[in-house]
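Novice: Sequence and predicted structure are below.
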Protein chains: 2
Amino acid sequence: MACGGCNRTAPRDQRAAGLAIHVGDRSLARAAPRGPRLHLKSMKQVGVVDIAREAGVSTATVSRVLNGSGAVTEATRAHVREVIARLGYTPNAFAASLRKGRNDAIGIAVASISQPWHVKLIRELRRAIRAQGFTTIVYDLEHSEEVLIEHAESARRLRLAGMVLATGDRLDAPDVRAALDQLVETVPLVVIGQQLPDAGWTTVAFDDVTASEHAVQELLERRAKPVLFLGEAASSYLSEERRIGVERALRAAPELLEGSELVTLTAGMDYAAGYREVMARAASLSQFGTVFCVNDELALGACRAVHELGFSVPNDVMVIGYGDVDMLPYVVPSLSSVSGDVHAVAERVVPAIMAGIDGRRMPNPAKLQRRIVHRESTGGSGEQ
Amino acid sequence: MACGGCNRTAPRDQRAAGLAIHVGDRSLARAAPRGPRLHLKSMKQVGVVDIAREAGVSTATVSRVLNGSGAVTEATRAHVREVIARLGYTPNAFAASLRKGRNDAIGIAVASISQPWHVKLIRELRRAIRAQGFTTIVYDLEHSEEVLIEHAESARRLRLAGMVLATGDRLDAPDVRAALDQLVETVPLVVIGQQLPDAGWTTVAFDDVTASEHAVQELLERRAKPVLFLGEAASSYLSEERRIGVERALRAAPELLEGSELVTLTAGMDYAAGYREVMARAASLSQFGTVFCVNDELALGACRAVHELGFSVPNDVMVIGYGDVDMLPYVVPSLSSVSGDVHAVAERVVPAIMAGIDGRRMPNPAKLQRRIVHRESTGGSGEQ
DNA sequence: CTGAAAGCGCTTACAG
DNA sequence: CTGAAAGCGCTTACAG
């Protein structure tokens, strides 16, 4: 397409008719085409050849200046930089990565960015990964297997240098497992939170069984009554680990285990679910000494329900969550939680992913320990 | 590098010595080199030529099958697909984008993914953008100008099809403004939340002045006492808008304006800041009828402080936030908030970004209206 | 220290 | 419906 004002070629229509793009194996029909693309400020973008011509050097020299590689005279370097700035040149990341045969980006995929612990983890990992000279790209799985599979496909297409996957959702559904197995063929992977049998990747995990067991032991010392456990064993690996720990602690006192209730949630693990499950037990709530929740959102909802039912936290029933998000000290009553240190996670993950990039496979590090933080909702003190 | 087991060439060392990568204008020294890269499962990755050879067709046909473009016999298509699956081929996104001269990804940059409203917005935008046949890429600005500038640079290098930027932080610092002006030269941009003069992009915003004014008017009807306003005018555009609305409502009653305090926070707008500012006013708290916060996190921290000081929310002082995040109905007392609909935002943003991609510039749509949600912290009822 | 030239893996007119 | 060939914008041996 010719352009009146200049002798350059206009870029092709960005949104051609009937074009289909592939996401995973499905193809999404493209929306109806719009008119041909008008031009923004500039037409054909400037490239290394334009810089080279204008600076009177070769493209090789421009590239060397761009990448700080090879030796270039300080004078040449300064001159090329000046031309780059003057022409407003931005390197094309695709061309560079294609030629180099690698991508310096590492993916960080988390179960949900609406969970504050995952956000903390993302930021900690980003910092640690950048310190190694890599960039990062964030993936929000929205607790969806379909989205995970899609992102795994995207990671392969983008030839990511590595991938970190943090989720408590089960990864053993056949199609999910297949997607991960395929991913790990070409992209080094570190999974945070769960170990699958014969997995071709490194796993970093907390010892949730022990943490839950200890937490319940401490709570039973405070009040020797049955426990109401809220988790989602069906699709959640972490719920299962935590349930096992709770059961283990309760087995020390058979009559307590007898009276306890280990709920399997099926419709989410958010504020509403915690609220709903406790409200549904209005009649039997007084038999429990503790509501033990697999995350802090459930715990907050549970507290609200206890309050609405006319009971007191912690005088009538104690409540504890998992994750220790920033908000907990500020709610009334302040919420107790089982805490996991993101810094410790990042310290294990980064060497493992770097090893993967170097073609080595690092063995799984020892499980990380969690810490129980008692606040008002379990009678307080202890620490913090 | 030769490889004993196969006759293919090993990929180059992924992490060469002394290599530097560029982020913005700085170059990060790469960590010390490790040993040469060992191979994962496969060596040279399979490409279209391998598929073409194995299938007995041309690379053009393989490409057509891959993209669903052009006409291909159903038999050929099926055969090529079989070969692709058998050889485990994944297209190289760099090569495709380089050749096509475009990227079908749209960036979504938000001030902070630790704020639930932004997470809701990301998900709503992702859904709407995908429906248009584009993929998305999430950027977390961490409330940092430096990170924003970095991401703008990244967006240009990646030749993103478009960019959506949602932040209440001021964008008028010279280097930030320069980065955005440069970005918009090549990448269509839509900014959510604030209008800058002579901006080359479309803005979608709420009418925060009016919303704040109305909210304070309603609260003054409930209790005609001065207001404690918590915001961060220095670096926050949204704080300023909201402060103006609050002042406007207070001007109706000069003695109330007189007694009110409009605080300019300087160290963040999180739970801790809300808590700290109210605690610092232990002596004077009883003079205020309302604590008006520019976000929900501040409001939660403020509630806690009121509680610790021995006052009651809402009987002694009312508290209201901004954003209406999911948790608010579940805290005690449940928190009132000024709500903004992410769906309405996405409905304005997507056509604007599509227009930008088509080379058109859409005028700013009318400001969106917010809704005041009264819960227990302002005396409840009203709605919800 | 610098340049000429090949090539990364795709897609797309163009020709048949 | 299919193929041969050019070329997207870089980087990198290689030669000087």
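Specialist: Okay, I see it.
Novice: where does the residue of the stretch 251-384 of chain A found nearest DNA strand D land on pLDDT?
Specialist: Going by Cβ to the nearest atom of the strand, DNA strand D is nearest to residue A:357 of the stretch 251-384 of chain A, at 15.7 Å. Yep, even glycine has a C-beta here, placed from its N, CA and C like the rest. Residue A:357 carries a pLDDT value of 93.
Novice: So it sits against residue A:186, correct?
Specialist: No: contact status for residue A:357 versus residue A:186: not in contact, 11.8 Å apart, counting by Cβ atoms under 8 Å.
Novice: Looking at these two, which one has more neighbours?
Specialist: residue A:357 (21 against 17; other Cβ atoms under 10 Å in any protein chain shown).
Novice: separation between that one and DNA strand C?
Specialist: For residue A:357, the distance to DNA strand C equals 18 Å [Cβ to the nearest atom of the strand, to the nearest Å].
Novice: Backbone dihedrals for residue A:151, please?
Specialist: Per-residue torsions, residue A:151: phi -70, psi -30 (degrees, to the nearest 10).
Novice: Tell me the pLDDT of it.
Specialist: So residue A:151 comes in at 97 (pLDDT).
Novice: Ok, residue A:14 next?
Specialist: 36.
Novice: likewise residue A:268?
Specialist: 83.
Novice: For it, give me its contacts.
Specialist: residue A:232 (Cβ atoms under 8 Å, 6 or more residues apart in numbering or on different chains).
Novice: for it, helix, strand, or coil?
Specialist: coil (DSSP: H, G, I helix; E, B strand; the rest coil).
Novice: Next one: it from DNA strand C, what distance?
Specialist: For residue A:268, the distance to DNA strand C - Cβ to the nearest atom of the strand - is 39 Å.
Novice: same check, this time on residue A:154
Specialist: Residue A:154 is 15 Å from DNA strand C, by Cβ to the nearest atom of the strand.
Novice: Would you agree that residue falls within a helix?
Specialist: Yes: counting by three-state DSSP, residue A:154 falls inside a helix.
Novice: Can you report how many residues lie near the closest residue to it other than its chain neighbours?
Specialist: Closest residue to residue A:154 apart from its sequence neighbours, by Cβ to Cβ, 6 or more residues apart in numbering or on different chains: residue B:135 at 7.4 Å. Look at residue B:135: counted by other Cβ under 10 Å, it has 17 neighbours.
Novice: Check residue A:267 too.
Specialist: For residue A:267, the tally of surrounding residues (other Cβ under 10 Å) stands at 10.
Novice: Hmm, the residue nearest to residue A:154 is touching residue B:104, no?
Specialist: Yes: Residue B:135 lies in contact with residue B:104 (Cβ under 8 Å); the separation is 5.8 Å.
Novice: what's the spacing between whichever residue of the stretch 201-350 of chain A sits closest to DNA strand C and residue A:180?
Specialist: Using Cβ to the nearest atom of the strand, the closest approach of the stretch 201-350 of chain A to DNA strand C is made by residue A:201 at 23.6 Å. Using Cβ to Cβ, to the nearest Å, residue A:201 is found at 7 Å from residue A:180.
Novice: between those two, what contacts are shared?
Specialist: Common neighbours of residue A:201 and residue A:180 (Cβ under 8 Å, 6+ apart) are A:189, A:191.
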